[in-house]
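Trainee: please work out how this folds:
(one chain, ligands or ions: 1)
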Amino acid sequence: MGIPFDLLGRVFARWGHRTYPSWAWPLLARALEALPRGARVLDLGGGTGVLSRAALTARADLKPVIADPARGMLRHAPDPAEVVVARAEALPFADAEMDAVLVGEALHHFQDPEAALAEIARVLKPGGLLWIYEFDPRRGVGRWVYWGERLLGEPAHFFTPEALLRSLRDLGFEGDYRERRGRYVLTARLRGERRRAAARPA
Ligand SMILES: C[S@@+](CC[C@H](N)C(=O)[O-])C[C@H]1O[C@@H](n2cnc3c(N)ncnc32)[C@H](O)[C@@H]1O
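Mentor: Model (predicted):
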C-alpha cells in the first residue's frame, strides 16, 4: 500500500502548489536571497518540482536539481531543472555539493528520515541552507494529514518542529521555524563543523 506517486504526476503538476499555504512562499523567497549566484539547489522528494518552480520564480539564476524515486512525478519537472531518480536515504551526490536543500511535504514520506537528514547534512556545503515545509502531527490540518497518511499506508514519519530542530542541531544545523495551524516552515543553516547523530521522529 501507500500513495502511488508514480501515477500522480499530472495531479501534482496541476495542483501541487495549491497544497502550500500562501505564507510559505515569501519565507522561501527570503531564505533564497542569501544564496550565491547560480547556486545548486536540491529539491529533495521534489516530485514535479513545485518548490523548484517557486525557487526559480524568486531567483531565475538558481540551478535546481530535483531528486525523487517516482519517474512519473519527475516527468513533469520544469525545463531548467536537472532531474535525478534517487531516494533521500542514499543520495548520488558528493559531499558538500549543494548550496541549499528544499524538502516540501516530503520528509514524512521517506522510509528512513534519520538517514535522509544525515544525507542532507552530507551533501550540503558548510553554511548551506535547509528549507523544510512540513505538518505538525499534533495540530490543525497536520493532525488530519497524519491520520490520513497512516490510513493510506504511508510511512507517516511526522516530526514536530521542535523535534526536527533538535535532530538537526545534532547534525550541526542551527535554525528556526514558523508554524500556523499545524503547518510549518523550518529554515536552518549548516554550521562549519558537523557532528553526525541519529534523529528520531516525534
Ligand atoms: C507529497 S509529494 C511532494 C512532492 C513535492 N515536494 C511537492 O511539493 O509537490 C512527496 C514526494 O516524496 C517522494 N518520496 C517518497 N519517498 C521518498 C524517498 N525515500 N526519497 C525521496 N523522495 C521520496 C514521492 O515520490 C513524492 O514525489
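Trainee: get me the contact residues on the chain for the ligand.
Mentor: By CB under 6 Å from any ligand atom, the residues of the chain that approach the ligand are 5, 12, 16, 45-48, 50-51, 68-70, 73, 87-89, 104-106, 109-111. Any C-beta I mention is one placed from the backbone N, CA and C, and that applies to glycine too.
Trainee: ramachandran coordinates for the residue in the chain that the ligand sits nearest to?
Mentor: For the chain, the residue closest to the ligand is G47, as judged by CB to the nearest ligand atom, at 2.9 Å. Dihedral angles phi and psi of G47 (degrees, to the nearest 10) take the values phi 60, psi -120.
Trainee: who's in contact with it?
Mentor: Contact analysis of G47 by CB atoms under 8 Å, 6 or more residues apart in numbering lists 5, 9, 12, 16, 66, 68, 70, 73-74, 106.
Trainee: shaky segments in this protein?
Mentor: 193-202 (pLDDT under 70).
Trainee: for it, which segments count as helices?
Mentor: In the chain, the helices defined using DSSP state H lie at 9-15, 24-32, 50-58, 71-74, 113-123, 140-151, 161-170.
Trainee: make a markdown table out of these and add mean neighbour count.
Mentor: Putting the helices of the chain into a markdown table (neighbours: other CB atoms under 10 Å) gives the following:
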| stretch | mean neighbour count |
| --- | --- |
| helix 9-15 | 15 |
| helix 24-32 | 17 |
| helix 50-58 | 22 |
| helix 71-74 | 20 |
| helix 113-123 | 22 |
| helix 140-151 | 16 |
| helix 161-170 | 18 |
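Trainee: turn those helices into a markdown table, including distance to P80.
Mentor: Shown next, in a markdown table, are those (distance: least, CB to CB, whole Å):
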| stretch | distance to P80 |
| --- | --- |
| helix 9-15 | 16 |
| helix 24-32 | 15 |
| helix 50-58 | 7 |
| helix 71-74 | 14 |
| helix 113-123 | 20 |
| helix 140-151 | 31 |
| helix 161-170 | 29 |
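Trainee: ok, which of those comes nearest G182?
Mentor: Nearest to G182, of all the helices of the chain, is helix 140-151, at 3.0 Å by CB to CB.
Trainee: so what's the residue of the chain closest to the ligand closest to, chain neighbours aside?
Mentor: M73 (4.0 Å; CB to CB, 6 or more residues apart in numbering).
Trainee: wait, the one you found touches F5, no?
Mentor: Yes. Counting by CB atoms under 8 Å, M73 touches F5, with 5.5 Å between them.
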